[in-house]
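Q: dropping a prediction and its sequence here:
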Amino acid sequence: MERIIIVGGGIAGVSSALGARKQNQEIEIILIEKEKYAGYLRDKLPYIISGNKKYYDVIPTIDYFIKNRINVLLSSFVKKIDLNNKKITFIDSEKHERILNFTKLIIATGTLPVKLNVRGCELKNIFELKTLEDAIKIKESVIKNKKVIIIGSGLVALETAEVLFKRGCKVVIVSPEKEILYKIFDEKFGQIIREKIEKSGIEIITENRVKAFYGKGKVEAIETEKGIIPCDYSLLALGVKPNTDLAREAGIPLGKYEGIIVNERMETEREDVYAAGDCVEYKNFITNEETPIQTTTLAFQGGEIAGKNAAGGNEKIGRIISNICAKVFGSEIASVGITCREAKNFKKKILSINTIFNKNDQPIYTKVRSYINLIFDGENKKLIGAQMIGKRAGTWGNFLALAIIKEVKIDEIAYFCNSYSPFLEETVVAGVVAAAKKLLDSIC
C-alpha cells in the first residue's frame with residue numbers, strides 16, 4: 001500500500017493530511033509532530049495568555065484524526081530523511097528510535113523563532129511564544145503589576161503586549177526596527193498605530209537593540225543601546241525563520257531566505273517530496289521573487305494542495321501575495337501586497353496616496369476615522385499594495401488583495417460601485433474607492 005508521511009503537525013501538515021484523504025480513500029497517511037498537540041491555530045497563542053477558555057477550542061482532538069483515518073504520532077521527532085531509500089528515522093513518544101518507509105513525503109515543519117544571542121539569555125522568566133505550551137507557561141507565570149519587556153514589534157509582539165497589558169502588567173516594547181510593524185507597514189502607518197498604543201499607557205522604544213540580560217537566576221533588567229531597563233519578565237518576539245535544517249540535511253534545495261523551494265503543485269526539486277506552510281518559499285505574484293509568506297490561510301491552502309497531489313491529484317496553487325489583517329488595541333489593521341518601501345527596493349516606480357478620512361470630509365459623510373494607503377505601479381497603473389487602519393480594514397483588505405491578483409487599475413477602483421445601506425455602512429462611497437478617486441484626480 002502507498003504511504004504518505006507528513007513531517008509537521010501545524011495547520012499546513014494537518015491540511016496536507018486532510019487533502020490527501022479527500023483525494024484518496026485508500027492511501028495510508030502518517031503525520032509526525034514533535035509537540036503534544038497537532039493542528040492548533042498559532043494565531044491564537046497570544047490570546048491564550050489572557051486565560052479566556054474560549055481560545056482553547058482550536059485544538060483538534062485525536063478522534064478527529066481517527067475519523068479521517070490519519071495516524072498521528074505526537075511527541076515524536078524526525079531525526080533524518082533518507083530520500084534515496086525513501087525512509088525516515090524518528091524518535092517516538094517513548095524515546096525509541098524507529099524507521100518508516102514512505103511512498104510520498106510532505107515537509108511542513110513551519111518556523112523557528114529568531115534567537116537573540118546575547119549575555120544572560122539563559123535566565124529564567126525570558127519567554128518565547130511559538131507553541132501552545134509556551135502560551136500556557138506565560139499565562140501561568142506572569143503576575144499583575146509586574147513589568148514585562150517585549151523585544152520585537154511585529155504582530156505577535158503587539159497582540160501579546162495588549163493581552164498582558166489587559167492583565168494588569170506594565171509593558172514596554174523594545175524594537176530594533178525603525179518603526180513598529182516595519183515589515184508589513186510603511187513608516188507613516190506604523191507611527192499612527194504606535195501613537196494609538198502609546199496612548200493606552202504602553203511605552204515603545206524603537207531603533208533600540210538589546211545588548212544583554214541581567215539578573216540572579218531570573219531576569220531583572222535588560223541592557224539596551226539606549227540604557228538599562230528594569231523588568232520582571234521578558235518576551236522575545238523578533239520574528240521567525242523557516243525551519244528547514246531537516247530538509248537541508250536531506251539534500252532538498254532551499255531558496256534565498258532558507259525556505260524550501262516548491263513549484264505551483266507544491267513539489268520540491270526532489271522527486272516525490274512536497275512541502276507546504278511557513279517552511280516554504282512561494283513565488284510572490286507582484287515581485288516574481290520566491291519569498292516566505294507566512295500566513296495561516298496560505299499554509300492551509302498550500303498544505304491541502306500538497307496533500308492532494310501527493311495522493312495522486314493535480315492541483316495548482318493560485319497567484320500568491322501577502323494578505324494580513326489584525327486587531328490591535330481596538331484598531332482594525334490590514335496590509336496587502338507590498339509596501340512603498342518594498343516597491344522601491346525592487347526598483348518599481350509607484351503612485352501612492354496616504355489618505356486620512358475624518359468625520360464629514362468623505363463623500364458622503366463618515367462617522368469613523370480611517371487611514372488608507374493605496375499603492376499602484378507607476379507604469380501600468382495596476383494596484384500592487386494597500387494598508388488600512390479603521391473599521392472593516394480586514395474585509396476591504398481581502399477586496400484589495402483580489403484586486404491585486406486580478407491586476408485591477410486605478411480607474412477601475414475609483415469608479416467601483418460598492419454596496420450601500422444606511423443600516424450597514426456609514427458612507428455611500430467606500431473609503432478605498434474615495435482614495436483611488438482622489439489619486440486619479442491628482443494625476444489627470
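A: That came through fine.

Q: show me which positions of stretch 21-40 end up buried.
A: By neighbour count on 16 or more other C-beta atoms under 10 Å, the buried set for stretch 21-40 is 21, 23-24, 27-35, 37-40. In this view, the C-beta of every residue, glycine as well, is placed from N, C-alpha and C.

Q: which ones are touching R209?
A: Counting by C-beta atoms under 8 Å, 6 or more residues apart in numbering, R209 touches 176, 224-225.

Q: could those be laid out in TSV, adding pLDDT?
A: Formatted as TSV, the contacts of R209 follow (pLDDT from 0 to 100):
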residue	pLDDT
P176	96
T224	97
E225	96
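
Q: name the nearest of the residues you listed relative to F376.
A: Nearest to F376, judged by C-beta to C-beta, of the contacts of R209 is P176 at 31.1 Å.

Q: nearest spatial neighbour of the closest one, skipping sequence neighbours?
A: Spatial nearest neighbour of P176, excluding adjacent residues (C-beta to C-beta, 6 or more residues apart in numbering): R209 at 4.7 Å.

Q: picking up where we left off before, sort out for me which of the buried residues of stretch 21-40 are in strands.
A: Secondary structure from DSSP state E places 28-32 of the buried residues of stretch 21-40 in strands.

Q: may I ask which two of the residues you listed are separated the most?
A: Greatest spacing in those, by C-beta to C-beta: E28 and I32 (13.3 Å).

Q: hmm, K348 and D377 touching each other?
A: Yes: D377 is within contact range of K348, at 6.3 Å (criterion: C-beta atoms under 8 Å).

Q: now for those two: what residues contact both?
A: Counting by C-beta under 8 Å, 6+ apart, the residues touching both D377 and K348 are I384.

Q: in the sheet, who's paired with L351?
A: Assessed by DSSP bridges, L351 has beta-bridge partners F376.

Q: and it, how many neighbours?
A: 18 (other C-beta atoms under 10 Å).

Q: quick one: contacts for it?
A: Per C-beta under 8 Å, 6+ apart, neighbours of L351: 375-378, 381, 410, 439, 443.

Q: rerun at 10 Å
A: 374-379, 381, 383-384, 410, 439-440, 442-443 (C-beta atoms under 10 Å, 6 or more residues apart in numbering).

Q: again with T160
A: Residues near T160 by C-beta under 10 Å, 6+ apart: 45-47, 49-50, 127, 129, 135, 138, 148, 150, 152, 171, 173, 235, 237.

Q: what's the closest of these to N243?
A: Taking C-beta to C-beta as the measure, N243 lies nearest L129 of the contacts of T160, at 15.6 Å.

Q: the closest one touches K44, doesn't it?
A: No: at 11.2 Å, L129 does not count as touching K44 under the criterion of C-beta atoms under 10 Å.

Q: between those two, which one's more packed in?
A: L129 (23 against 19).

Q: now the more buried one: how far from Y64?
A: Using C-beta to C-beta, to the nearest Å, we find L129 at a distance of 25 Å from Y64.

Q: now do Y282
A: For Y282, the distance to Y64 - C-beta to C-beta - is 28 Å.

Q: same deal with E35?
A: 16 Å.

Q: so how many other residues sit close to the closest residue to E162 other than its chain neighbours?
A: Spatially, and ignoring its direct neighbours in sequence, E162 is nearest to F329 (5.6 Å; C-beta to C-beta, 6+ apart). Neighbours of F329 under the rule other C-beta under 10 Å: 18.

Q: which ones are touching F329?
A: If you count contacts by C-beta under 10 Å, 6+ apart, F329 has them with 158-159, 161-162, 165-166, 193, 196-200, 202.

Q: any chance of a ChimeraX selection covering the buried ones in those?
A: Applying 16+ other C-beta under 10 Å to the contacts of F329, the buried members can be selected in ChimeraX as follows:
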select :158,159,161,162,165,193,197,202
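
Q: which member of the contacts of F329 is positioned nearest T89?
A: Using C-beta to C-beta, the contacts of F329 come closest to T89 at E159, 37.5 Å.

Q: could you verify that that closest one is part of a strand?
A: No: counting by DSSP: H, G, I helix; E, B strand; the rest coil, E159 is located in no strand; its state is helix.

Q: tell me who's in contact with it.
A: By C-beta under 10 Å, 6+ apart, the contact list for E159 reads 43-47, 49, 129, 237, 326-329.

Q: S153 too?
A: 161, 173-183, 190, 193-194, 197, 204-206, 237-239.

Q: which among those residues end up buried?
A: For the contacts of S153, a burial check counting by 16+ other C-beta under 10 Å picks out 161, 173-177, 179-183, 190, 193-194, 197, 204-206, 237-239.

Q: so which of those residues are in strands?
A: 173-174, 204-205.

Q: for V148, what are its contacts?
A: Shown in contact with V148 (C-beta under 10 Å, 6+ apart): 125, 127, 138, 142, 160-161, 164-165, 167, 169-173, 231-235.

Q: now swap in T111 and tell me
A: 10, 42, 130, 239-244, 259, 277-279, 292, 294.

Q: ok, and the most crowded of those?
A: G277 (33 neighbours).

Q: on the three-state scheme, R270 is what?
A: Per three-state DSSP, R270 ends up coil.

Q: residue contacts, it?
A: R270 makes contacts with 81, 83, 105, 247, 250-253, 260, as judged by C-beta under 10 Å, 6+ apart.

Q: now, which of the residues you listed lie within strands?
A: Filtering the contacts of R270 for strands - DSSP E - leaves 81, 105, 260.

Q: the closest residue to F285 other than its chain neighbours: neighbour count?
A: Among residues not flanking F285 along the chain, R319 sits closest, at 4.1 Å (C-beta to C-beta, 6+ apart). Neighbour count for R319, taken as other C-beta under 10 Å: 15.

Q: got the phi/psi numbers for R319?
A: Note on R319: backbone dihedrals following degrees, to the nearest 10 are phi -60, psi 140.

Q: separation between it and N380?
A: Per C-beta to C-beta, R319 is found 16 Å from N380.

Q: residue contacts, the nearest residue to S15 once chain neighbours are set aside?
A: Leaving out its chain neighbours, the residue that sits closest to S15 by C-beta to C-beta, 6+ apart is G303, at 3.5 Å. For G303, the contact set (C-beta under 10 Å, 6+ apart) comprises 6, 8, 10-20, 106, 108, 266, 274-277, 280.

Q: please apply the same query to E133.
A: 35-37.

Q: now name the helix or strand holding it.
A: E133 is located in helix 132-141, with elements delineated by DSSP states H and E.

Q: how distant is that helix from the center of its chain?
A: Computed by C-alpha atoms, centre = their mean, to the nearest Å, the chain-centroid distance of helix 132-141 equals 20 Å.
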